[in-house]
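1. Dropping the sequence and predicted coords here.
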Amino acid sequence: MKKPEEEKFGIVSRREFIKGLGVTAISTVAAQTAAVAQELEKANAEKVIGPGAVPVTLSVNGQNLQLQLEPRVTLLDALRNYSSLTGAKEGCDRAACGACTVLMDGRPIYSCQKLAIEAQGHQITTVEGLAANGNLSPVQQAFIDKDALQCGYCTPGFIMSVTALLQKNPRPTLAETKHACSGNLCRCGTQPHILQAVFQAAGVSMADKTEVIKHV
């Protein structure tokens, strides 16, 4: 109940002020929430694709691949099963082995973890795209020269990681090389030969034998 002086001079009580402020704040928040909900609904409506196959264009090794893919298809699956590019291998399918490594805009990525539809508009390079006019790249040739493979399943992934390293850092240190290859797994144990191949491709000399120091 207002006091006489409040009624006389039109003074707003503290309770009425707080109440009015609360109503204004709630109305503002409700309006903002409704606006955000409308924008999200509009955005989601525009981005709904699938679930059936849709046109997907991939730029791979300098050429465009026109494919019909379901949105759930990974880049690795698109390369191996919807084109003739089988260089990238499917190992773990969990981004743990690196056998599926390809370059996207010059950076190594696990193609098993990238949706093909998301790779549109990017430059994809696979191991097949490294050789020019039938001539192997320096990295590919070095892997052969240094016998840096056994079963060969992991080799394409290693080659792509090393290629990305040397493009960014032509003279890497041993530590930098190990770091660049840390996302690739060789179950055969060819890592020493892989390191030799990296340094040959980089034009850096490396000791070709291991010295055993005996303590007496």
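-> Nice, thanks for sending it over.
2. For this protein, which segments count as helices?
-> Along the chain, counting by DSSP state H, helices occupy 4-9, 14-47, 75-81, 138-145, 155-168, 174-180, 191-202.
3. Comparing the ones you listed, which yields the minimum mean pLDDT?
-> Looking at these, the lowest mean pLDDT belongs to helix 4-9 (a mean of 54).
4. The nearest residue to M206 once chain neighbours are set aside: neighbour count?
-> Using Cβ to Cβ, 6 or more residues apart in numbering and skipping residues adjacent in sequence, the residue nearest M206 is F199, 4.4 Å away. No exception for glycine: its C-beta is placed from N, CA and C like everyone else's. One way to gauge burial is a neighbour count; for F199, by other Cβ atoms under 10 Å, it gives 18.
5. ok, now how distant is F199 from K178?
-> Computed with Cβ to Cβ, to the nearest Å, the distance linking F199 and K178 is 12 Å.
6. So the chain: which segments form each domain?
-> In the domain annotation for the chain, the residue ranges read 12-39, 51-128, 130-208 (automatic domain parsing).
7. chain center to the longest one: distance?
-> Taking Cα atoms, centre = their mean, to the nearest Å, one finds domain 130-208 lying 20 Å from the centre of the chain it belongs to.
8. burial of the residue lying closest to G50 once chain neighbours are set aside, as a residue count?
-> On the basis of Cβ to Cβ, 6+ apart, the spatially nearest residue to G50 that is not a chain neighbour turns out to be P71, at 4.0 Å. A count of nearby residues for P71, using other Cβ under 10 Å, gives 16.
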